[in-house]
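Q: below are the sequence and a predicted model for it; my questions follow.
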Amino acid sequence: MNIFVIMKRTFDTEEKISISNGSIQEDGAEFIINPYDEYAIEEAIRLRDDQGGEVTVVTIGSEEAEKELRTALAMGCDKAVLINTEDDLEDGDQFTSAKILAEFLKDKEADLILGGNVAIDGGSGQVGPRLAELLDIPYVTTITKLEIEGTKATVTRDVEGDSEVIETSLPLLATAQQGLNEPRYPSLPGIMKAKKKPLDELELDDLDLEEDDVEPKTKTIEIFMPAKKEAGKVLQGELNDQVKELVGLLRNEAKVI
């Protein structure tokens, strides 16, 4: 099987985010593989080990993303590709990412494309479906089980607290949900082998793309931190008095009634 995993470099889940001049400050911040993409990487490796083939992990970003690509290689991926847009793009959105990935993948004859259901920094969940639409292939989101037999795929997906089973054909794009598997940690031998595995770097020119071709369709107007939660209030006195005070607070302060 020819398997590709689309991966994103995101802030560490325990990283304290700070905002300055309307932008998230990245200096000194720790980055990791987007956790949902780890499920996709693990599933790709398991399928490769079971059915043969090759796993290529792909990301868009700057040279700093090489660290996360090497981690994916250490987990067991065979190849890595960095599409470096640092010098070509100031901004991008889900359309930008999907367009770039589609140009890269259009002639790769992928049997299966896996990615995370969402990225923890943006949470839109749009890149996978947009990419599938551009490649004109089936896609299934929020998968928790994947079985492939020949060119047929049987997929179980999470739907609002229940499960749905879908049968479709390859090529297929699927996005991974928590529960699909338990991602492995890179082993020491894996880390050593990763240093010798191929990591290719491309730019927009290599994909015959111009900056105008991938111009974002959305614009971020403002970035701000959530409002700080105020301390709770304990009501005192008789029950009837507490009820009256609570109603007054809900009406005058919270303004929910």
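A: That came in fine, so what should we check first? Note that the structure is a prediction, hence the values are computed from the model and not measured.
Q: longest helix in this structure, please.
A: In the chain, taking DSSP state H as the definition, the longest helix is helix 35-51.
Q: what sits up against that helix?
A: Residues outside helix 35-51 that contact it (C-beta atoms under 8 Å, 6 or more residues apart in numbering) are 1, 3, 5-8, 10, 13, 33, 53-55, 57, 72, 75-78, 112, 114-120, 146, 148, 175-178, 180-184. Just so you know, the C-beta spots here come from the backbone N, C-alpha and C atoms, and that holds for glycine as well.
Q: and for stretch 136-150?
A: Contacts for stretch 136-150 (C-beta under 8 Å, 6+ apart): 1, 43, 47, 51, 112-113, 117, 125, 128-129, 132-133, 153-159, 163, 166, 168-177, 179-180.
Q: swap in 7 Å and give it another go.
A: 43, 47, 51, 117, 125, 128-129, 132, 153-158, 163, 166, 168-169, 171-177, 179-180 (C-beta atoms under 7 Å, 6 or more residues apart in numbering).
Q: look up how far residue 249 lies from residue 57.
A: Residue 57 is 53 Å from residue 249, where distance means C-beta to C-beta, to the nearest Å.
Q: higher neighbour count, these two?
A: residue 57 (29 against 15; other C-beta atoms under 10 Å).
Q: pull the contacting residues for the more buried one.
A: Applying C-beta under 7 Å, 6+ apart, the residues near residue 57 are 5, 7, 41, 69, 72, 77, 80.
Q: among those, name the ones in strands.
A: Among the contacts of residue 57, DSSP state E puts 5, 7, 80 in strands.
Q: so what secondary structure elements neighbour the helix or strand where residue 129 lies?
A: Using DSSP states H and E, residue 129 sits within helix 127-135. Packing partners of helix 127-135 (3 or more C-beta pairs under 7 Å, 6 or more residues apart in numbering; DSSP states H and E): helix 94-105, strand 139-149, strand 172-176.
Q: out of these, which gets nearest to residue 231?
A: Among these, the nearest to residue 231 by C-beta to C-beta is strand 139-149 (37.2 Å).
Q: quick one: strands adjacent to the next helix or strand after the closest one?
A: If you walk from strand 139-149 toward the C-terminus, the next helix or strand you reach (DSSP H and E) is strand 152-159. If you go by DSSP bridges, strand 152-159 pairs up with strand 139-149 (antiparallel), strand 162-169 (antiparallel).
Q: go through strand 152-159 and flag the buried ones.
A: If you call a residue buried by 16 or more other C-beta atoms under 10 Å, then strand 152-159 has these buried ones: 153, 155, 156, 157, 158.
Q: how about stretch 187-197?
A: Quick answer for stretch 187-197 (16+ other C-beta under 10 Å): 190, 194, 197.
Q: same check, this time on stretch 159-169
A: residue 168.
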